[in-house]
Structure formats: structure tokens, C-alpha cells
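In: What would the 3D arrangement of this be:
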Amino acid sequence: MKILITSFTAAVLAALISGASLGAGAPCEDLSRLALSGTAITLATKVEAGAFALPGQTPSAAFRSLPAFCRVAATLKPTADSDIKMEVWLPLSGWNGKFMAVGNGAFSGAISYPALAASLARGYAVSSTDTGHEGGSASFALGHPEKVADFGWRAVHETTATSKKILTAFYATAPKFSYWNGCSAGGRQGMKEAQRFPADFDGIIAGAPGLDWTSRAGQANRVAKELDRSETSRLLRPQRELLHKAVLDACDAIDGVKDGLIADPDRCNFDPATLQCTGSTSSACLTPEQVRTAQLTYSSPKNPKTGRPITGLARGSELGWTDLGWSASARATGLDHFRFIVFQDPKWEVSQFSFDSDIVRAEETDAGTINALDPNLKPFLDRGGKLIQYHGWSDPQISPGNSTQYYSRVLEALGSQSKVEASYRLFMVPGMAHCGGGEGPNTFDMVAALEGWVERGSAPDQILATHSTNNRVDRTRPLCPYPLIASYNETGSIDDAAHFSCRAR
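Out: The predicted structure is shown next:
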């Protein structure tokens, strides 16, 4: 730790000595004078309150409420083939003394401007990166292994280190606390940081993390291949709605209250075969081919080499499925991953996918570059880091089983439930889809929960979640640290969180 602090301080001092005599209240433009190794500052300018807008647009509602801030853009080149774009926004007044980095989605090669705005509005100095490429395709990976590493882990780490140097030069003080907040690919990025760079952040929020990136891609391709091959196997919206209703009828009350949500899908053993047509087909039943599709989507085949289950979607997620299986984003990302990264063949198609061999090849090709599967969080936890992971049980894009499986592997690796839960907690969200939405309470403040844990030692024993219809809150429910679930207290409204307690399932 002493070496890390010393090198960081030396880097900042070197930046200042090189011609950037900055301090609190210095003009934003002076940041262009910072000389940072491997970094070219391309923009340093003041943005007036409410004046930020994306190119060619007028300020949106999300940006009009922003305070004045210093906007700094830079290009990072940690390798000869790297071209990492980043931005850091520094509030000109009301800075809370803290730093927040925000995540991306899918193969996104773009700065996350809405996420930057949300954190700036809370008083944070905040940064984002395009992960080293432009656009939402993985075509950047062809012949560029260093760019794959940039996407997988390096861009976030380099952006974080550079942002702290710029921040410290501008405010003449380092941030009191550093946080990460991301969902989906952003959740994966946060998990990767905890595993690979445990000193980068004091606290991490990892929502619906695509930590098993290769397996999600493989599962999406596995289902899509079958539905591409046979149109009669497809579950169209009426069949998905029928299936969803049957799942709720079978499993809604498992947690002790019938509320239209499945709080514990792991205990739901509903078999789609109960809906199979016995005579002529109708809207009230599924054909044998459609039954097989549902079973295929729920199933979790094992990696034949490692024996680790490649988790399917949970029962209760049916309304988020598409005619071609998993969500459209999962299908697109799955195709791109195997086309451009695993096989390095732009002509590769889903029809060529072979689960038993290709799922092994995908994980071995990745070798931990993108996947965030290392269960050894000990370095992060030992230095006091706090990790909040959350995942919607009805997520149709990234299997919630990725999160529960990883949590269980961390327990096995560290060998102590009490040690793990003192610094790492997983919150599974009944009825929530991917990073939000869905039938269950899906709005919550994970940032406040993490701040309380890191800064005041107040561990989140439960987190309040709300559901709204037409902008009116119509249900609240506590989210509980896994494996606990919110259990009804047998009295009072089932729409009021006050009548639920976190208990063992």
C-alpha cells in the first residue's frame, strides 16, 4: 500500500511540476497543462450550469439541472494499440469530496453521459470511458488483442487512475472516498475491478453483472440456434404470457404470500410440460416444440470440461423473452462475441454454434480477460472495500444465476459467511428485469446504501425498493441480502415494506 500511495503522489507532483500549477479555484483551462504519462488531454473547459448538451442537441432535462462543472476529456494510450477515450467532470462548487466512476453496457464504445450527469448531480467528481473503441459492436477485436484487454479491464483501471490524478491536481486534494457504479457490462467492470485492482475503489456497486460473459453469450446462441432452425419452436408473445401466468400460478405463493412475484425462483420447479397440448393446438396450451424451447431456456447445462453450470434464465422472466429467445441485446452480444473474439471470423453464424466444444473454447480463449469469475475477493475485502451486487430475478438478458453462483463460489473460496457478509452483499430483486423495469419493486438507492456502509460502517441489512405506476408509488418492499428473502409478517398490506422482514428461506 505504501508503494501505491507514494507512486500516486509522485505522479501528481510530477504533473504539477511539469507546468500545471493548479489548486482549488484554478481555471478549468489550466488542466490542459497537466503532463501525464501516456495521456493526451484533448479538452479542458468550464460548462455553465444547465448548459451541457450532446453534439447537435439542446440540453435535455437530465442536463439542464446540472451545476457548473469543469469538463476534461483525454485519450489514454497504455499500449501502442490502445486508444481509450475518457471524460472526468469536476463540480465547480458543492463538491462532496468524493470520486465516482460509472460503467458501460454490452460492447458499448461510448462515454456514459447520463450516468455522468446522475453522479455529478449528487456532488461527485465523476468519470467515464468508451472502453477503448467506438460503437456497439465487437468488431474492434479482430486482430487487436490489446483492444480486447482494454475493453475487458484496462480502460476502466487506466481511466480511474488518470481521473484521480486530474481531480487531485484540480482540487489540490485527493478524494476522501472512491466509488464505482455500473450495471450489466458496468456491473462486470465493477466485479473485475474488485478482483484485479482491489485498491482502485473503496466501494463498488455491481448491478446485474455480466461477469460470466462467455457463458451468457453461449446460452443466447444456444437458444437462438434452435429457434432460427425451427420457427414452430418459437414462443410468441401470447405463448410467453401463457407460460408466465402458469409459472406464477405454480410458484407465486412459495414465499408465503401471493403477490404476483416469485421471491425465490430456485425453489420453483414448474415444468412447462404441464402446458403441452393434449389434442389440437390452441392458445391455451403449448406445442411439444414450444415446451422444449421453454425447458431449453430455463436449463443450465454444464461446461463439459470444468463441470460448472452455465446458468439459464429463471422462472418468472418469461415476459422479457423474445420470439428468438433471450433478449435482443443478449442475442446480438452473443453473436458478436463468438464471431469477433472466439473465432475471429466475421462470417461466423449462430447456426455454427456447438455448445459442448464452443463453450469450452470461449472460456479458454477469454482466459479471464473479460470474464470476472475469480472468487478470491480477499485482497479487496482485507483493505476494507465494500461490494454491493444486485440482480433482478426476472432478468431476461443476463442470467441471475450468474450472480448467485458467483456469490456461492466466493463463500467457498473465503470459507466464512460472516467474513464475506461483513464486506460483500448480494441483493436479488424479485420481479425486476435487466437493471430495472419489470413487475416487482425496481427502484432503489444503492449509492446511499454503499455510502453508509463505507463511510459510517452501517451495513445494509435491507434496502428499500419501490414500484411505480404512472409515476405513483404503488408498492414498496425490502430487498434482503442473499440468501435471505423478504417474508410477509402475516398482517398488513402486502404492498407496504413495513409488513415484511428478511428471513432465511
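In: Count the residues that sit near K347.
Out: Other residues lying near K347 total 7 when counted by other CB atoms under 10 Å. For the C-beta atoms, the positions are set from N, CA and C on the backbone; glycine is no exception.
In: And the helices in the stretch 301-450 of the chain, which stretches?
Out: Under the criterion DSSP state H, counting those that start in this stretch, the stretch 301-450 of the chain carries helices at the ranges 328-336, 355-366, 378-382, 400-414, 417-421, 446-456.
In: can you tell which of those helices is closest to A161?
Out: A161 lies closest to helix 378-382 among the helices of the stretch 301-450 of the chain, at 16.6 Å (CB to CB).
In: rewinding a little: most packed of the helices of the stretch 301-450 of the chain?
Out: Of all the helices of the stretch 301-450 of the chain, helix 328-336 carries the top mean neighbour count, a mean of 22, counting by mean count of other CB atoms under 10 Å.
In: which residues make contact with that helix from outside it?
Out: Residues from elsewhere that reach helix 328-336 (CB atoms under 8 Å, 6 or more residues apart in numbering): 106-107, 137-139, 216-221, 224, 322, 324-326, 349-350, 396-398.
In: G307 - how many residues pack around it?
Out: 7.
In: Could you number the chain from 766 rather than 1 from now on?
Out: Let's use 766 as the start, then, which means that last one is G1072.
In: distance of the most far-flung residue of the chain relative to its centre from E1083?
Out: Distance from the centre of the chain peaks at G1044, with 44.6 Å (CA atoms, centre = their mean). Going from G1044 to E1083 by CB to CB, to the nearest Å gives 24 Å.
In: before we move on, the earlier item: the residue farthest from the centre of the chain: what secondary structure?
Out: Per DSSP: H, G, I helix; E, B strand; the rest coil, the secondary structure class of G1044 is coil.
In: Surely D1121 and P1069 touch.
Out: Yes: between D1121 and P1069 there is a contact under CB atoms under 8 Å: 5.1 Å.
In: any idea where the strands of this structure begin and end?
Out: Along the chain, the stretches classed as strands by DSSP state E are 804-812, 834-841, 849-856, 863-867, 890-894, 942-948, 968-972, 1151-1157, 1189-1194, 1228-1234, 1237-1244, 1250-1253, 1265-1268.
In: Present those as TSV; the columns should include mean pLDDT.
Out: Shown next, in TSV, are those (pLDDT from 0 to 100):
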stretch	mean pLDDT
strand 804-812	96
strand 834-841	98
strand 849-856	98
strand 863-867	98
strand 890-894	98
strand 942-948	98
strand 968-972	98
strand 1151-1157	98
strand 1189-1194	98
strand 1228-1234	97
strand 1237-1244	97
strand 1250-1253	96
strand 1265-1268	96
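In: what about the closest residue in space to P1246 that isn't next to it in sequence, how many residues close to it?
Out: Nearest non-adjacent residue to P1246, counting by CB to CB, 6 or more residues apart in numbering: R1190, 4.4 Å away. Using other CB under 10 Å, R1190 has 24 neighbouring residues.
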